[in-house]
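> Coordinates only, no sequence provided:
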């Protein structure tokens, strides 16, 4: 599941909206929405995301959060390490190989550390 998919599912649950109801309102298939929630589809188009924001009638901050989540919700990532250090290539390969074995706590700790170090 992607960060956007988890948030969309939570919004639907909070409002008592079924996948089918949302799909009909947005004029997309329920299979597509399910795949989007489960990370089997890439991030939605800007237009569809705006329709989702309008559908849930969210406030500005929450709309911005949905847009941010969409940006970090591509389930198929390619990391180009050409021209970077050997350490960068090794890190990218290790992450690709081992990410499925990490716990949510491990992933959160790595994310926090990456943000901290990248912002120096």
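Arrived safely. This structure is a prediction, so every number in the text was calculated from the model and none was measured. Numbering: from 1, shown residues only.
> contacts and neighbour counts: CA atoms only from here.
Fine.
> Quick check, pLDDT for the residue nearest to residue 79 when sequence neighbours are not counted.
Distance criterion Cα to Cα, 6 or more residues apart in numbering; nearest residue to residue 79, sequence neighbours excluded, is residue 92 at 6.9 Å. Looking at residue 92, its pLDDT reads 93.
> Could you measure from residue 92 over to residue 115?
16 Å (Cα to Cα, to the nearest Å).
> what about the two, which has more around it?
residue 92 (15 against 10; other Cα atoms under 10 Å).
> residues in contact with the helix or strand in which that one is found?
Element membership of residue 92, judged by DSSP states H and E, is helix 86-98. Outside helix 86-98, the residues that touch it by Cα atoms under 8 Å, 6 or more residues apart in numbering are 79, 81.
> Give the buried residues for it.
residue 89 (16 or more other Cα atoms under 10 Å).
> In this structure, what residue spans correspond to helices?
Using DSSP state H, the helices of the chain run over 3-15, 19-26, 30-37, 46-56, 60-71, 86-98, 104-118.
> Could you single out the most deeply buried of the ones you listed?
helix 30-37 (a mean of 18; mean count of other Cα atoms under 10 Å).
> Could you name the helices and strands sitting against that one?
helix 3-15, helix 19-26 (3 or more Cα pairs under 8 Å, 6 or more residues apart in numbering; DSSP states H and E).
> Dump the helices of the chain into CSV; add distance to residue 78 as well.
Output for those, formatted as CSV (distance: least, Cα to Cα, whole Å):
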stretch, distance to residue 78
helix 3-15, 18
helix 19-26, 30
helix 30-37, 19
helix 46-56, 21
helix 60-71, 14
helix 86-98, 9
helix 104-118, 18
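> Of those, which is nearest residue 77?
helix 86-98 (9.4 Å; Cα to Cα).
> Domains in the protein, by residue range?
3-71, 86-118 (automatic domain parsing).
> Just put these in TSV and tack on distance to residue 77.
TSV is the format used below for these (distance: least, Cα to Cα, whole Å):
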stretch	distance to residue 77
domain 3-71	10
domain 86-118	9
